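K.L.:
Sequence plus predicted model, see below.
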Amino acid sequence: MTAQYQVHGDIAVITLNNPPVNGLGLATRRAVTDGLAQANADTAVKAIVLTGAGKAFSGGADIKEFDTPEAMREPNLLSMILAIENSAKPVVAAIHSVCMGGGLETALGCHYRIAAPGCNVALPEVKLGLIPGAGGTQRLPRVLGVEAALNMIVSGEPVKSELLASLPGQKLFDKLAASAESLLEEALIFARSIADARPLPLVRNLKCKHPQGDAYFQFARNMVKGMAKNYPAPLKCVDAVEAATKQKFDAGMAFELSTFLNLMWTPESRALRHIFAAERAASKIPDVPADTAQRAINSVAIIGAGTMGGGIAMNFLNAGIPVKLLEAKPEALERGLATIRKNYEAQVAKGKLKQDKLDQRMGLLSTTLSYDDLGDADMVIEAVFEDMGVKKSVFQELDRVMKPGAILASNTSTLDLDQIASFTQRPQDVVGTHFFSPANVMKLLEVVRGKATAKDVLATVMALGKKIKKTSVVSGVCDGFIGNRMIEQYGRQAGFLLDEGCTPAQVDKAVEKFGFAMGPFRMGDLAGNDIGWAIRKRRYVEMPGMKYSKTADLLCELGRFGQKTGAGWYDYQAGKRDAVPSALVEKMVVDHRASLGITPRKISDEEIVQRLVYAMVNEAAHILEEGIASKASDIDMVYLTGYGFPIYRGGPMHYADQVGLFNVVQAMQRFAQNPLDDAAFWTPAPLLAKLAAEGKTFN
């Protein structure tokens, strides 16, 4: 049973018990309504307490039921809340720990509410592109006042119960319990004290008005519009709360429900719900059981104190894990330490970090020039230059000094992890931890699984990723892993577009209008164009048949490596990051085009976006087929958290699903006809062709 029924003297207690957050799935809703009926039929019972077992009152809808017929099966959430309201005996919600979404809507349907301090209270539906759909927009303004309620509904952020209890005139809580431990006891005493009080108070009967009326809602709309331009739900939250102030309760409820159902079908809500599920699925590895024993990681060593090594170190220091930083030269160590301290001081200056926290974090950091000082660390991460010879010497040293059972990790972004593991006598302990720059900011961690990587190593690194607040995605071994292997195809298409008639600014603007944080040429300037140049030089030797535009090489030959040299695809002024179109680069592109005898043509934004995005999708289909990624949603998480793919489009694979894989394949066949493009590349990957032919999707 996902809800238990017990009688304590003259009080019936219904306890939600559907871990981890007591989601209100169909079985739970049935158990609650059955419990209500049983309590109302028992003459010895005077009142009812509704509470939650474990670490939550209720987190709301059961995510396993999302987008299934079960979600609306009777008793659906609205029917369950109606049954609570219609109970002839008073129902007291005893709220603790987590009370969110449908959980809060359920509590608002109860006659009374008592809350433990420290409880997180929220209506987070807006984060899934929805509005509350079981009375949240109609009842919360009646108990908290219109402004406080609207702020909570539009932001979706949790607020502590004691803060809500202190709001003047609030009717959300009838009582604040002394503690979570005493909550049930206090709820039983409270239930006895109101057992005979009639009529039973209902939130729906409370008045709901705003003194400024229309003027306030106009102001709210203007504020929300500025913040939520790509998302329809926040503005709909304003509409629904306004309906609570202008319509009778039942009419407001009908308005809320129809708005909720319409939003369910929007591409934005589908994308956000996909991401919600994908994020949880990323931590699950098909052949690594959830209960796999993990290795203890109480200290970490990092090889290399450059930008990457320093950024990686900050992740562990922030999580309270001691770090030992190794460099070859004392001045490199000094520079690395100074950068870490400067990053923390910038956070203190902005009020994001307290000085004592800075001191505490820096206190966890020690340095060394000798590999012999690293032996005690539970894990070591190599963040040195991207060259196999350099990696070899580092891993041979680590194999010599690290204690048995230590995890040996490489931050390589493209190199063969199996080859790196072969430099040691313990390939089972070697794993890839590909952080993204700046490593202390970017959310993505690509965890690269070598053919020998032990399952407990994988389980440990995934759990550690969570501890340092990263979104960890497992990748198999291939050139560039998931993210960089796909971005290469995106970059190749960007180059062909220059050859055919675009300027760098035109390509970037089209992609940014689609929703990317930055286009391919601005991204190249930020990362350093010399990095791509080094990869292409390797490709020319290893894969002579692979076709590239020569424009990027010409740019690098001019020494224009990007922001770090003050000039790349764009010009940059000292101390500024603004990308200024460069007349010199545009002339270079025009001259190169002429040397190839190409007559430029006008290229639409739609073609630019399709070629760049579908190139990634086709490469991703190969990645899935080869088993480099275990599921399409993992690829979406890589692009959403590491490459600036627009959140409201749900990642490249989800986006392709929404466009329709049949349509994606049709577009690819058109691109294959272009003599200046790479026709062989546009042959749809077998998996993509198969799914499109069967009318199926990646996710």
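P.N.:
Here it is on my side, so go on. Numbers count the residues shown, from 1 in each chain.

K.L.:
Please give me every residue in contact with Thr453.
P.N.:
Going by CB atoms under 8 Å, 6 or more residues apart in numbering, Thr453 touches 421, 427-428, 430-431. (Glycine included, C-beta is placed from N, CA and C.)

K.L.:
which stretches of the stretch 401-550 of the chain have low pLDDT?
P.N.:
Applying pLDDT under 70 to the stretch 401-550 of the chain picks out no residues at all.

K.L.:
can you map out the helices along it?
P.N.:
417-421, 455-467, 483-500, 504-514, 520-527, 529-542 (DSSP state H, counting those that start in this stretch).

K.L.:
mind checking which of those helices is nearest Ile84?
P.N.:
Nearest to Ile84, of all the helices of the stretch 401-550 of the chain, is helix 455-467, at 36.2 Å by CB to CB.

K.L.:
Restricting to C-alpha, output that closest one in CSV.
P.N.:
Extracted in CSV, the C-alpha atoms of helix 455-467 (Å, rounded to 0.1, in the frame of the first residue of the first chain):
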residue,chain,number,x,y,z
LYS,A,455,31.8,-0.9,-12.3
ASP,A,456,32.5,0.3,-8.8
VAL,A,457,34.8,3.0,-10.2
LEU,A,458,31.9,4.1,-12.5
ALA,A,459,29.4,4.1,-9.6
THR,A,460,31.8,6.1,-7.4
VAL,A,461,32.5,8.8,-10.0
MET,A,462,28.8,9.2,-10.8
ALA,A,463,28.0,9.7,-7.1
LEU,A,464,31.0,12.1,-6.8
GLY,A,465,29.6,14.1,-9.8
LYS,A,466,26.4,14.6,-7.9
LYS,A,467,28.3,15.6,-4.7
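
K.L.:
Any chance you could list what contacts that helix?
P.N.:
With CB under 8 Å, 6+ apart, helix 455-467 has contacts from 283, 285, 287-288, 292-295, 297, 319, 321, 379, 407, 409, 428-429, 431, 433, 445, 447, 449, 471-472, 474.

K.L.:
Could you check how far it is from the centre of its chain?
P.N.:
18 Å (CA atoms, centre = their mean, to the nearest Å).

K.L.:
For it, buried residues please.
P.N.:
The neighbour-count check on helix 455-467 (16 or more other CB atoms under 10 Å) flags 456-462, 464-465 as buried.

K.L.:
do stretch 205-213 as well
P.N.:
Buried-residue list, stretch 205-213, by 16+ other CB under 10 Å: 208, 210.

K.L.:
Export it to PDB, keeping only CA atoms.
P.N.:
Coordinates of each C-alpha in stretch 205-213 appear next as PDB, following Å, rounded to 0.1, in the frame of the first residue of the first chain:
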ATOM      1  CA  ASN A 205     -14.800  30.100   0.500                       C
ATOM      2  CA  LEU A 206     -12.200  32.700   1.300                       C
ATOM      3  CA  LYS A 207     -12.300  36.100  -0.500                       C
ATOM      4  CA  CYS A 208      -9.600  36.800  -3.200                       C
ATOM      5  CA  LYS A 209      -9.000  40.400  -4.300                       C
ATOM      6  CA  HIS A 210      -6.100  42.700  -5.000                       C
ATOM      7  CA  PRO A 211      -6.600  46.400  -4.000                       C
ATOM      8  CA  GLN A 212      -5.000  47.600  -7.300                       C
ATOM      9  CA  GLY A 213      -6.800  45.000  -9.500                       C
END
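
K.L.:
Return the member of the buried residues of helix 455-467 nearest to Glu147.
P.N.:
Closest approach to Glu147 among the buried residues of helix 455-467 (CB to CB): Gly465, at 39.2 Å.

K.L.:
any chance of the buried residues of helix 455-467 in CSV, plus distance to Gly35?
P.N.:
Shown next, in CSV, are the buried residues of helix 455-467 (distance: CB to CB, whole Å):
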residue, distance to Gly35
Asp456, 43
Val457, 46
Leu458, 43
Ala459, 39
Thr460, 42
Val461, 44
Met462, 39
Leu464, 42
Gly465, 41
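
K.L.:
Gln493: neighbouring residues, count only.
P.N.:
24 (other CB atoms under 10 Å).

K.L.:
Kindly apply the preceding question to Met588 instead.
P.N.:
18.

K.L.:
Going forward, count from 647.
P.N.:
Let's use 647 as the start, then, which means that last one is Met1234.

K.L.:
what helix or strand is it on?
P.N.:
helix 1229-1241 (DSSP states H and E).

K.L.:
Can you check what angle separates that helix from helix 1166-1173?
P.N.:
130 degrees (axes from the mean of the first three to the mean of the last three CA atoms, to 10 degrees).

K.L.:
what angle do helix 1229-1241 and helix 1129-1146 make?
P.N.:
Using the same axes, to 10 degrees: helix 1229-1241 against helix 1129-1146 is 70 degrees.

K.L.:
Would you mind writing the CA trace of helix 1229-1241 as CSV?
P.N.:
Extracted C-alpha coordinates of helix 1229-1241, given in CSV (Å, rounded to 0.1, in the frame of the first residue of the first chain):
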residue,chain,number,x,y,z
ALA,A,1229,36.6,43.5,-42.2
LEU,A,1230,39.9,41.6,-42.5
VAL,A,1231,38.1,38.2,-41.9
GLU,A,1232,35.3,39.0,-44.3
LYS,A,1233,37.9,39.9,-47.0
MET,A,1234,39.8,36.6,-46.2
VAL,A,1235,36.5,34.6,-46.6
VAL,A,1236,35.6,36.4,-49.9
ASP,A,1237,39.1,35.9,-51.3
HIS,A,1238,39.1,32.2,-50.4
ARG,A,1239,35.7,31.8,-52.0
ALA,A,1240,36.9,33.4,-55.2
SER,A,1241,40.0,31.2,-55.2
